[in-house]
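> here's a sequence, model it:
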Amino acid sequence: MTDLILLRHGETDWNRERRIQGLSDIPLNETGRVQARAAGELLRIELADACPVVMVSSDLSRAVETAQIIADALGVPGPRKYPGLRERGYGEAEGALVAEVPTLFGSAERDLIPGAESSADLRARALRALDEIATDVERAMSGASIIAVAHGALIAEVVRVASDGALPRPGERIANGYPFRFQLDRDGTPDGRGIRLATGDDGASRDGFPTTTRV
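Prediction:
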């Protein structure tokens with residue numbers, strides 16, 4: 001079992017403006033850098049007595065910079081970049097305000113946006129990427145924990161798999177810089193089996209999720 005911490009990159013100007021980013025390569029703003037430094041300090045304390053840590057990220061610059069800031073705080077090498085951790089592609093909606101989507105495309109449903117990656121394809125891509133990462137880490141540094149910096153829609157799909165569909169709850173967003181903790185069985189990742197919310201010695205979710213969501 002591999003410990004995985006998956007967190008969303010820090011804030012960008014488009015996040016602040018509530019614009020859809022998708023695959024558009026928008027850099028962090030200063031608030032995002034502050035969030036990354038805060039995440040790095042939190043993880044430095046949390047992982048002080050842990051096994052070695054490997055840092056990975058999406059290859060989009062907002063994720064790479066967030067990961068590098070955290071790596072510097074932890075004193076570990078910078079991130080290895082995995083395109084499979086990129087944000088969901090939103091097709092024609094990229095650059096639009098979130099509030100504009102229903103008017104522009106007739107629905108707020110992301111799967112109906114022309115050119116957008118489907119939820120099913122996003123989920124499959126995320127799980128393939130985690131499988132690839134776990135395999136690479138096992139070969140290079142067996143027993144290491146993984147910190148992966150990715151994007152909101154992708155993380156939401158992983159949370160959904162790990163919680164058997166119970167999370168995120170309707171209307172919940174993945175916060176910038178927040179670390180979600182998982183336990184990952186790399187042999188099961190292609191179809192989602194073996195990914196679970198990390199729990200403490202008491203069996204409760206380490207992120208405060210209801211224990212009924214565990215798989």
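> so what's residue 25 up against?
Residue 25 makes contacts with 60-62, as judged by Cβ atoms under 8 Å, 6 or more residues apart in numbering. For glycine as for every other residue, the C-beta is placed from the backbone atoms N, C-alpha and C.
> with neighbour count and pLDDT added, can I get those in JSON lines?
Shown next, in JSON lines, are the contacts of residue 25 (neighbours: other Cβ atoms under 10 Å; pLDDT from 0 to 100):
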{"residue": "60", "neighbour count": "24", "pLDDT": "98"}
{"residue": "61", "neighbour count": "15", "pLDDT": "98"}
{"residue": "62", "neighbour count": "29", "pLDDT": "98"}
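> what's the closest of the residues you listed to residue 194?
Nearest to residue 194 among those is residue 60, at 26.8 Å by Cβ to Cβ.
> before we move on, back to that, now, the contacts of residue 25 that are in helices?
Residues of these located in helices (DSSP state H): 61-62.
> reformat the contacts of residue 25 as TSV; add distance to residue 38.
Formatted as TSV, those follow (distance: Cβ to Cβ, whole Å):
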residue	distance to residue 38
60	21
61	20
62	16
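> of the contacts of residue 25, closest to residue 8?
For the contacts of residue 25, the residue nearest residue 8 by Cβ to Cβ is residue 62; the value is 9.4 Å.
> wait, what's in contact with the closest one?
Residue 62 sits next to 9-10, 12, 21, 25-28, 32 when contact means Cβ under 8 Å, 6+ apart.
> which one of these sits closest to residue 79?
residue 9 (11.2 Å).
> what about the longest helix in this structure?
Ranked by number of residues, the top helix in the chain under DSSP H is helix 119-140.
> what packs against that helix?
Here helix 119-140 touches strand 2-8, strand 53-57, strand 145-150, helix 152-162, going by 3 or more Cβ pairs under 8 Å, 6 or more residues apart in numbering; DSSP states H and E.
> identify each buried residue in the last one, please.
Going by neighbour count (16 or more other Cβ atoms under 10 Å), the buried part of helix 152-162 is 152-162.
> just want the angle from it to helix 119-140.
Put simply, helix 152-162 runs at 80 degrees to helix 119-140, going by axes from the mean of the first three to the mean of the last three Cα atoms, to 10 degrees.
> likewise for the first one?
With the same axes, to 10 degrees defining the directions, strand 2-8 sits at 130 degrees from helix 119-140.
> which of the contacts of residue 25 sits closest to residue 169?
Looking at these and their distance to residue 169, the nearest is residue 62, at 25.4 Å (Cβ to Cβ).
> quick check: that closest one vs residue 51, distance?
Distance of residue 62 to residue 51, given as Cβ to Cβ, to the nearest Å: 28 Å.
> again with residue 99
In this view, residue 99 and residue 51 are 44 Å apart by Cβ to Cβ.
> any idea how far the lowest-mean-pLDDT helix or strand in the chain is from the chain center?
Least confident helix or strand, the chain: strand 195-197 with a mean of 86, by mean pLDDT, DSSP states H and E. Strand 195-197 sits 13 Å away from the centroid of its parent chain (Cα atoms, centre = their mean, to the nearest Å).
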